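A.B. asks: Below: sequence and its predicted model.
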Amino acid sequence: GKPLGQVLVTLGISFVVADLCLMIWGGDPIPLAAPTSLQRPLVVGSIAFPAYRLVVLGISIVTAIALHALMEWTRIGAMIRAGVDDMQMARAVGIPVSRLFTTVFCLGAALAGAGGVIGGPIMSAYPGLDADMLPLALIVVILGGVGSLLGAFVGSFITAAIYTFGSALLPDLAYVILFLPMIVVIAFRPRGLFGRQGA
């Protein structure tokens with residue numbers, strides 16, 4: 001009903017939780033070890049791949065396929081897309097938009113939590129990690145477009161590639177370089193690369 005208020009409340013709660021974590025555990029990064037069975041590299045010829053990162057990649061692919069199947073091939077996915085495209089019309093035909101969007105929010109929060117647990121051995125955990133991830137998520141949404149699962153996939157790949165190469169080649173300007181494609185997309189395609197018309 002009031003998305004701006006919901007966003008502000010969510011951000012406020014995240015700030016409170018982050019400060020509480022800082023008070024309780026301090027600001028030092030907490031390293032998390034990967035499972036022992038996944039700490040050895042997978043050697044293919046003369047190239048060694050970190051086994052845990054390959055597992056994370058596999059989980060990401062399976063999750064992406066599952067979300068795509070949910071959104072495109074199920075009745076619930078059709079109702080979600082209808083609510084995103086035209087909320088008033090969706091309500092008029094009997095779709096419980098508020099309850100549906102609450103469920104989607106809870107699913108997104110669960111996926112974010114699972115992503116934090118899975119990514120912990122790669123990035124470590126520290127208060128403020130959420131603030132570091134928030135701009136990246138914003139860039140992904142702006143690049144890909146609101147309401148498009150394909151846009152989220154493409155936006156995340158573009159963001160990861162730019163940030164990785166920027167950090168390697170121009171570490172001092174990596175964050176600045178990351179925002180350049182976002183500015184271009186906003187200027188020439190405000191809905192994002194794959195944004196839905198009704199979003």
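C.D. replies: That came through, no problem.

A.B. asks: elements contacting the strand or helix carrying residue 165?
C.D. replies: Using DSSP states H and E, residue 165 sits within helix 149-169. Taking 3 or more Cβ pairs under 8 Å, 6 or more residues apart in numbering; DSSP states H and E as contact, the helices and strands that helix 149-169 lies on are helix 51-73, helix 129-144, helix 174-188. Heads up, the C-betas are built off the backbone N, CA and C, glycines and all.

A.B. asks: can you redo these as JSON lines with mean pLDDT and mean neighbour count?
C.D. replies: Listed next are the helices and strands packed on helix 149-169 as JSON lines, based on pLDDT from 0 to 100; neighbours: other Cβ atoms under 10 Å:
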{"stretch": "helix 51-73", "mean pLDDT": "91", "mean neighbour count": "13"}
{"stretch": "helix 129-144", "mean pLDDT": "83", "mean neighbour count": "17"}
{"stretch": "helix 174-188", "mean pLDDT": "84", "mean neighbour count": "14"}
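
A.B. asks: Next, the buried residues of the longest helix anywhere in the chain.
C.D. replies: Of all segments of type helix in the chain, defined using DSSP state H, the longest is helix 97-123. By neighbour count with 16 or more other Cβ atoms under 10 Å, helix 97-123 contains the buried residues 97, 100, 101, 118, 120, 121.

A.B. asks: Would you check which pair of those lies furthest apart?
C.D. replies: 97 and 121 (38.4 Å; Cβ to Cβ).

A.B. asks: Can you get me a residue count around residue 48?
C.D. replies: 11 (other Cβ atoms under 10 Å).

A.B. asks: Now do the same contact list for it.
C.D. replies: 41, 42 (Cβ atoms under 8 Å, 6 or more residues apart in numbering).
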